[in-house]
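**Q** here's my sequence, what's the structure:
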Amino acid sequence: MNEKYIHIYNNLISFSRNKDLYKSLEREDQFSDRLTLFLLHFSFFLKNFKKKENSNILQEIYDFNFKQLELSIREIGYGDQSINKKMKDYINLFHKMVSEVHFWDTLNKDKKLDKISIFLSDFKNIEELTQYFDDFNTNLSKKTLNSYLKSVSNP
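**A** Sure thing, here's the model as predicted:
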C-alpha cells in the first residue's frame, strides 16, 4: 500500500484524539466517537481542498484513509463480514458529513450548530465543538493542499 499520505492520515487522527473535544461527553469515549470526529475532520479537509486539479490526489487520500480505517477495524477484532458492513456504514456517514459541511462557510451559527449536532448528539457542548470546527475550517482554508502533502506538521 502506498504510504505517501500517512502523515495526512496521522494528522487527522491526532486532531480526533484531542482530549478537549471529549470533555463535554458525559461518558467514556468510544471508538465510534473517535471515528466520528476523525470523519468530521476529514470532511472539512476534503471540503477545503476540493478543486478539479486536486481530484486525483484527493481520491488517493480518500482511498488511503478508508483503507487505514479498515485496518484499524480489523485490529479491533471484527470479522470479515462485520468489517464490510461497518465500512459501508462509515462511508455512508462520511458522505453525509461531506454534504452537510459543503456549504459551511455560508451558514450562520445556528445552522452550523444544527449540522454538528447531527453527528455529535452525545456531546453536551455543541457550541464549543462548532467553534472548534469553524476554527479548524478557517485554518485549513489558509493553507494549500501541497503544504499538507509536503509537510508532516499539524495545521
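**Q** buried residues in the helix or strand harbouring Ile13, which are they?
**A** When elements are assigned from DSSP states H and E, Ile13 belongs to helix 6-16. By neighbour count with 16 or more other Cβ atoms under 10 Å, helix 6-16 contains the buried residues 7-9, 11-13, 15-16. Heads up, the C-betas are built off the backbone N, CA and C, glycines and all.
**Q** repeat for stretch 141-150
**A** The neighbour-count check on stretch 141-150 (16+ other Cβ under 10 Å) flags 145, 148 as buried.
**Q** chain center to it: distance?
**A** Mean-position distance between stretch 141-150 and its chain equals 16 Å (Cα atoms, centre = their mean, to the nearest Å).
**Q** what's the end-to-end length of it?
**A** Terminal residues of stretch 141-150 are spaced 17 Å apart (Cα to Cα, to the nearest Å).
**Q** and stretch 92-110, by the same measure?
**A** For stretch 92-110, the end-to-end distance is 25 Å (Cα to Cα).
**Q** ok, the closest residue to Asn54 other than its chain neighbours - contacts?
**A** Setting aside the residues directly before and after it, Asn54 is nearest to Leu145 in space (Cβ to Cβ, 6 or more residues apart in numbering), at 5.4 Å. By Cβ atoms under 8 Å, 6 or more residues apart in numbering, the contact set of Leu145 is 49, 54, 57-58.
**Q** ok, now Glu100?
**A** 43, 115, 118-119.
**Q** try 6 Å
**A** By Cβ atoms under 6 Å, 6 or more residues apart in numbering, the contact set of Glu100 is Lys115.
**Q** name the element it belongs to?
**A** Glu100 is part of helix 80-101, with elements assigned from DSSP H and E.
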